[in-house]
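>>> Compute the structure for the input listed below.
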Amino acid sequence: MLTLYGSANSRGLRVIWLIAELGLKYEHKDWLPRSPETKTADYLALNANARVPTIDDDGFILSESMAINMYLAKKHKSPLYPADPRQEALCWQWSLWETDRLDRQIVDYVRNTVASKPEERNAAVAEAAWKQVVPAFEVLEGALAKTPWLAGSAFSIADLNVASALYRALSIDVSRWPKFDTWLHTCWDRPAAKKARAMREH
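Predicted coordinates:
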């Protein structure tokens, strides 16, 4: 039995999306980041970082959402996980690139521009984040000008992992990067993505 610890209002969103793509049955512990449940001795035994998400897959414990998605997609022989080693490597490349270049930056920008109350926003934080977001979006625009997907000729775990991390970009205008804009909304228009998004926005 697969158990997922982590709310859709966390990086668990991408795992929920993938589970929906795979059609897996699972038990869901809908825990928010830094919630009391994540600080219990039982949970710390699973994830000493006290973070979500974590999975328990028939006794195999794994944390870090990118790794979880790679594992689940490969284990279940999903077409989202390429058999070709070069395309597989591209999936890893883009997933790791996103965690470095956009994961925190897009959160900081959106939180301090449109997501928070005006009195809670920090313009300096938003400006600093945007200076990092723009070149990263330029990289995606350039890559997607060459091919409609990040790793091969079809939607893959690379697209899911990166697009899921860019959930907050759906709330801002990215039309100055038309290829990226189209790709982002195409990814989020998938039925599994809509299901995951509904869990976050309910």
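>>> Next, count neighbours for Ser156.
For Ser156, the number of neighbouring residues by other C-beta atoms under 10 Å comes to 23. No exception for glycine: its C-beta is placed from N, CA and C like everyone else's.
>>> That one reaches Pro82, doesn't it?
Yes - here Ser156 lies in contact with Pro82, judged by C-beta atoms under 8 Å, at a distance of 6.0 Å.
>>> Overlap of the contact sets of these two?
Common neighbours of Ser156 and Pro82, counting by C-beta atoms under 8 Å, 6 or more residues apart in numbering, are Cys91.
>>> The longest helix anywhere in the chain: which residues count as buried?
Using DSSP state H, we find that the single longest helix of the chain is helix 123-146. Residues of helix 123-146 classed as buried: Ala126, Ala129, Trp130, Gln132, Val133, Ala136, Phe137, Leu140, Glu141, Ala143, Leu144 (neighbour count, 16 or more other C-beta atoms under 10 Å).
>>> Just give the closest residue to the third one, not the sequence neighbours.
Residue nearest to Trp130 in three dimensions, not counting chain neighbours: Tyr109, with 5.2 Å by C-beta to C-beta, 6 or more residues apart in numbering.
>>> Next one: the one you found from Leu96, what distance?
Separation of Tyr109 from Leu96 (C-beta to C-beta, to the nearest Å) stands at 21 Å.
>>> per-domain residue ranges of the protein.
Using automatic domain parsing, the domains assigned to the chain come out as 2-75, 85-197.
>>> pLDDT on the shortest one, on average?
What it means is domain 2-75. Domain 2-75 comes out with an average pLDDT of 97.
>>> for the last one, same thing?
The average of the pLDDT scores along domain 85-197 is 96.
>>> can you give me the end-to-end distance of that domain?
Taking C-alpha to C-alpha, to the nearest Å as the measure, domain 85-197 stretches 31 Å from start to finish.
>>> same question, the shortest one
With C-alpha to C-alpha as the measure, the first residue of domain 2-75 is 12 Å from its last.
>>> who's in contact with stretch 134-148?
Here stretch 134-148 has contacts from 97, 101-102, 105, 150, 153, 162, 174, 177-180, 182-183, using C-beta under 8 Å, 6+ apart.
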